[in-house]
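Visitor: Below is the structure, and that's it, no one-letter string:
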């Protein structure tokens, strides 16, 4: 269960959040807190689903820039640390330079958090958002479904992960949970939250890209 004295989640600098200029700032304390709270062995809210991230480099950013997509507010995103998408050689070099200036290297993943939302969020909502973004940070799998590791470094090969479930309510209503492949989701919901109830649905920019 949540314990405020145990969590002591970090906060963004108020002067930057309230400033008029667009701001993105590295959040090393948030990165350390996330690993110490959810990932590390013996963490107070340790989740074995994140075990592969123990060797991952995850860069966290605060921002005060409002964001929305498909008419929904975006309060967090997870993305690869290496700039992606179609861009020229200079564009990729500039983007890589910016990432390196933020973190001192190119991390495996970058998680960006809406600092204004974070300041007013409950501990349960904040934890739910961080874990949601961490779930997007996955270890790749080979053609047999086994976790992939780099032959050169022995480290996990990382990739972005979508949701476990994406289905129409009508299919479930007409054909049942097994037909839609969501039996495990329903059982987890019926069991109730292990940590605390929170509402962050449809606020992840990573999800809304689909």
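Guide: Received the coordinates, thanks. What you see is a predicted model, and the numbers here were worked out from it, not measured in a lab. Residues are numbered from 1 along each chain as shown.

Visitor: alpha carbons only for contacts and neighbour counts from here, please
Guide: Will do.

Visitor: what about whichever strand or helix holds residue 187, average pLDDT?
Guide: Taking DSSP states H and E as the definition, residue 187 sits inside helix 183-191. Across helix 183-191, the average pLDDT comes to 78.

Visitor: so how far is residue 111 from the spatially most central residue of the chain?
Guide: Nearest to the mean C-alpha position of the chain, counting by Cα atoms, centre = their mean, stands residue 133 at 1.3 Å. Here the criterion is Cα to Cα, to the nearest Å. By it, residue 133 lies 7 Å from residue 111.

Visitor: returning to what we had before: now the residue nearest to the centre of the chain: closest residue in space, sequence neighbours ignored.
Guide: Leaving out its chain neighbours, the residue that sits closest to residue 133 by Cα to Cα, 6 or more residues apart in numbering is residue 78, at 5.5 Å.

Visitor: looking at this, that neighbour is in a helix?
Guide: No: using DSSP: H, G, I helix; E, B strand; the rest coil, the assignment for residue 78 is strand, not a helix.

Visitor: What is the burial count for it?
Guide: 26 (other Cα atoms under 10 Å).

Visitor: That one contacts residue 131, correct?
Guide: No: judged on Cα atoms under 8 Å, residue 78 makes no contact with residue 131 at a distance of 10.8 Å.

Visitor: Thought residue 129 was touching residue 198, still the case?
Guide: No: using Cα under 8 Å, residue 198 makes no contact with residue 129, being 9.1 Å away.

Visitor: ok, the two, which is more surrounded?
Guide: residue 129 (24 against 16).

Visitor: thought that one was touching residue 76?
Guide: Yes: counting by Cα under 8 Å, residue 129 does reach residue 76; the two are 7.2 Å apart.

Visitor: Which parts of the chain are strands?
Guide: Remark: strands assigned in the chain by DSSP state E are 24-26, 58-63, 68-69, 72-73, 76-80, 109-114, 137-139, 158-160.

Visitor: Mean pLDDT lowest where, among those strands?
Guide: It's strand 68-69: among these, that one has the lowest mean pLDDT, namely a mean of 78.

Visitor: Report the strands that pair with it, each with its relative direction.
Guide: Using DSSP bridges, strand 68-69 pairs in its sheet with strand 72-73 (antiparallel).

Visitor: residue ranges with poor pLDDT in the protein?
Guide: 1-6, 164-175, 179-181, 199-210 (pLDDT under 70).

Visitor: at 80 instead, please
Guide: 1-7, 19, 69-72, 85-86, 163-186, 188-189, 192-210 (pLDDT under 80).

Visitor: where exactly do the helices run in it?
Guide: Assigned by DSSP state H, the chain shows helices spanning 4-7, 14-17, 28-34, 89-103, 115-120, 123-136, 169-175, 177-180, 183-191, 205-208.

Visitor: re earlier: next, show the common contact partners of residue 133 and residue 111.
Guide: With contacts taken as Cα atoms under 8 Å, 6 or more residues apart in numbering, residue 133 and residue 111 have 76-78 as neighbours in common.

Visitor: now those residues in TSV, with distance to residue 118?
Guide: Rendered in TSV, the data for these read as follows (distance: Cα to Cα, whole Å):
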residue	distance to residue 118
76	10
77	13
78	16
